[in-house]
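Novice: heads up, no residue letters with this:
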Ligand SMILES: [Ca+2]
Ligand SMILES: [Ca+2]
Ligand SMILES: [Ca+2]
Ligand SMILES: [Ca+2]
């Protein structure tokens, strides 16, 4: 009996070790066989073959419900670009800072986080990963190596508003950690089997001076729920598949 219990103990311990060592499989981004027209409409053939994923987590701000915000997104790729479609329902659209570099997180706006090689790690003042803040004028802002906000012409964005619904359709060129500026740096080509880190979020302000909530696509442990702005370890791993 003792021998049986010992063997049982070994088996359970081994199983627990296996479970704890098992890493989450990367999610799949499917290849786009067809041209995607960046116009804020989701009727392109390729989008029909992509699956919606939710933006369910309240990273910052008071507890709220679906009447305040709901969000979902789809991803696709081809050899040159990553494509993002995001459907946001926000009960009150607010854009009060007309200087794109001034308090942009206190206006409503989508944020797209990309770590081109899924390396993880700090990206606040370097370019091993990017946090693209999409303004309503379709310009994109992220912090530079000088710790100041700058424009990045990596994203071409179409935003279509229908009452309280925003449809973002975005085509993105990816850059690696050697990125210097938009004229000197060469974009990274995409290929079957390439892994990237990705997350998406929405700054929601409805009636306040400062941002009310930040909603995100990944479940972040710990107290620093805005960590995606600083560290790409929390981005989700995706693999490009043909
Ligand atoms: Ca379209
Ligand atoms: Ca809202
Ligand atoms: Ca990286
Ligand atoms: Ca809002």
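Specialist: Now that the structure is in, tell me what you want to look at. Fair warning: this is a prediction, and the values are worked out from it, not measured in the lab. Ligands and ions are numbered 1, 2, ... in the order given.
Novice: how near is residue 102 to residue 149?
Specialist: Computed with Cβ to Cβ, to the nearest Å, the distance linking residue 102 and residue 149 is 9 Å. Yep, even glycine has a C-beta here, placed from its N, CA and C like the rest.
Novice: residue 44 too?
Specialist: Noted for residue 44: a distance of 32 Å to residue 149, by Cβ to Cβ.
Novice: picking that back up, residue 102 and residue 149: which has the busier surroundings?
Specialist: For the pair residue 102 and residue 149, the greater number of neighbours falls to residue 149 (16 against 11), based on other Cβ atoms under 10 Å.
Novice: the more buried one contacts residue 139, doesn't it?
Specialist: No: in this structure residue 149 lies outside contact range of residue 139 using Cβ atoms under 8 Å: 10.8 Å.
Novice: quickly check: the helix or strand containing residue 171 near ligand 4 or not.
Specialist: Secondary-structure element containing residue 171, defined by DSSP states H and E: strand 165-172. No: residues of strand 165-172 are not located near ligand 4 by Cβ under 5 Å from the ion, the shortest gap being 9.6 Å.
Novice: and that strand, what does it pack onto?
Specialist: Judged by 3 or more Cβ pairs under 8 Å, 6 or more residues apart in numbering; DSSP states H and E, strand 165-172 is in contact with strand 82-90, strand 109-115, strand 130-134, strand 155-162.
Novice: list the pairing partners of the helix or strand following that strand within its sheet, with orientation.
Specialist: Downstream of strand 165-172, the first helix or strand assigned by DSSP H and E is strand 195-204. For strand 195-204, the paired strands and their directions (DSSP bridges) read strand 109-115 (antiparallel), strand 213-216 (antiparallel), strand 236-241 (antiparallel).
Novice: looking at the ones you listed, which one is packed in the most?
Specialist: With neighbours taken as mean count of other Cβ atoms under 10 Å, those reach their highest mean count in strand 109-115, at a mean of 25.
Novice: do any residues in that one lie close to ligand 3?
Specialist: Yes: where contact is defined by Cβ under 5 Å from the ion, part of strand 109-115 touches ligand 3, namely residue 115.
Novice: any figure for the gap between residue 196 and residue 31?
Specialist: In this structure, residue 196 and residue 31 are separated by 14 Å, where distance is defined by Cβ to Cβ.
Novice: anything in contact with each of these two?
Specialist: Shared contacts of residue 196 and residue 31 (Cβ atoms under 8 Å, 6 or more residues apart in numbering): residue 240.
Novice: no further queries at this time; thank you.
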